[in-house]
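In: Requesting a structural model of the entry that follows:
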Amino acid sequence: MNKKWIIAVVMILCFTVTVPAFSQNLDYNSKVSFALNDGSQMTLYAQLVGSGSSATPSKNYYYLPNQMMLAKDPLTQVPSFLFLKYVTEEREDQ
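Out: Take a look at the predicted model:
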């Protein structure tokens, strides 16, 4: 009976332990926009330092590519999607 309790406690701990996620916090209000030599518009967003209401914009800026788009089939110009299907040698009833 004691071994079952230990296994139960270990399982509960395994499923309740969290792993912190890391990301870049950007300030939508602190942005800089300018035109490039080819005429396209670029927008930079300031990185936030700190957390919560005490976060302040830093001197680091990040941007997204200007012309993000879906890949298109060269002949039909229809957007292409890739869906993979997982297949095994085992039958479904096994």
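In: Would you mind giving the secondary structure of Asn29?
Out: Following DSSP: H, G, I helix; E, B strand; the rest coil, the label given to Asn29 is strand.
In: what about the residue nearest the centre of the chain, distance to Tyr61?
Out: With distances taken as C-alpha atoms, centre = their mean, Ser23 lies nearest the centre of the chain, 8.2 Å away. Distance of Ser23 to Tyr61, given as C-beta to C-beta, to the nearest Å: 16 Å. Quick note: C-beta positions are derived from backbone N, CA and C, even for glycine.
In: do Ile7 as well
Out: For Ile7, the distance to Tyr61 - C-beta to C-beta - is 51 Å.
In: more crowded one of these two?
Out: Using other C-beta atoms under 10 Å as the criterion, Ile7 and Tyr61 rank with Tyr61 on top: 16 against 10.
In: can you count the residues close to the nearest residue to the more buried one once chain neighbours are set aside?
Out: Distances taken as C-beta to C-beta, 6 or more residues apart in numbering put Leu44 closest to Tyr61, at 3.9 Å, once the chain neighbours are dropped. Residues lying near Leu44 (other C-beta under 10 Å) number 15.
In: do the one 4 residues further on as well
Out: With neighbours defined by other C-beta under 10 Å, the count for Leu48 comes to 18.
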